[in-house]
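Novice: this one's sequence-less:
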């Protein structure tokens with residue numbers, strides 16, 4: 001407070017907080033027990049964990065492939081401002097001038113125990129193929145002159161604490177790419193442009209009590225609040 005009684009308030013991005021409320025219904029006995037086991041392992045609000053946003057794009061900076069969040073092989077060049085299937089100009093042209101495959105990738109702090117889906121819209125003037133890769137999993141996908149959404153869904157190795165998600169362009173190939181997305185599920189949903197990405201390390205439960213209600217035989221429901229704050 002100043003001498004004249006006025007106050008000055010400034011935003012502090014360093015204490016930004018994001019929260020989710022996860023509502024569960026018709027949980028089986030086994031599912032409810034697994035949720036309770038996780039709650040007890042976290043000791044309520046005490047211990048942090050990595051939380052994957054179930055409704056977001058896990059990749060960071062999905063519309064800016066030149067951002068430092070991306071790892072790009074040296075012979076892969078990028079050109080921005082390409083017309084995309086959404087009617088804007090947010091696609092990129094990836095050109096491989098080398099004699100071997102070149103990739104564009106992000107490595108995320110995501111456990112290999114889950115199933116992930118990597119997807120992208122792609123096109124090229126001459127028919128070609130690209131590789132999609134999730135950890136050690138890989139699949140080849142065809143690319144034509146029409147914008148087509150391609151995807152790969154697989155799990156990593158159970159002991160993985162991080163996974164690399166990549167699109168790989170063949171030697172001498174040129175492919176236009178838009179809407180790169182990673183989700184913790186079996187198939188792609190509508191594309192969501194991202195900034196920070198949907199991997200939140202150091203998330204916490206918001207409550208020290210987990211209230212699970214039994215609605216029927218082998219049927220339970222509850223709500224769990226998860227928070228992520230930069231200052232915790």
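Specialist: Yes, it's here. These numbers were taken from a predicted model, which means no experiment stands behind them.

Novice: mind checking pLDDT for residue 16?
Specialist: Confidence at residue 16, expressed as pLDDT, is 73.

Novice: Contact partners for it?
Specialist: By CB atoms under 8 Å, 6 or more residues apart in numbering, residue 16 lies in contact with 229-230. All C-beta atoms are positioned from the backbone trio N, CA, C, and that covers glycine.

Novice: try residue 57
Specialist: Taking CB under 8 Å, 6+ apart, one finds 181-183, 191-194, 197-198 in contact with residue 57.

Novice: out of the residues you listed, who's nearest residue 30?
Specialist: Of all these, residue 183 has the smallest distance to residue 30: 24.7 Å, by CB to CB.

Novice: Who does the closest one form a beta bridge with?
Specialist: residue 117 (DSSP bridges).

Novice: returning to that earlier point: who wins on neighbours among the contacts of residue 57?
Specialist: residue 182 (27 neighbours; other CB atoms under 10 Å).

Novice: what about that one, distance to residue 36?
Specialist: According to CB to CB, to the nearest Å, residue 182 stands 29 Å off from residue 36.

Novice: same question, residue 101
Specialist: 46 Å.

Novice: what do you get for residue 120?
Specialist: Distance, residue 120 to residue 36, using CB to CB: 38 Å.

Novice: Looking at the two, which one has more neighbours?
Specialist: Per other CB under 10 Å, whichever of residue 120 and residue 36 has more neighbours is residue 120, with 24 against 14.

Novice: Per-residue pLDDT of that one, please?
Specialist: 98.

Novice: The nearest residue to it once chain neighbours are set aside: neighbour count?
Specialist: With sequence-adjacent residues excluded and distances taken as CB to CB, 6 or more residues apart in numbering, residue 120 is closest to residue 180, at 4.7 Å. When neighbours are counted by other CB under 10 Å, residue 180 registers 27.

Novice: Then residue 133?
Specialist: Neighbours of residue 133 under the rule other CB under 10 Å: 19.

Novice: Once you drop chain neighbours, what's closest to it?
Specialist: Spatial nearest neighbour of residue 133, chain neighbours left out: residue 166 (4.4 Å); criterion: CB to CB, 6+ apart.
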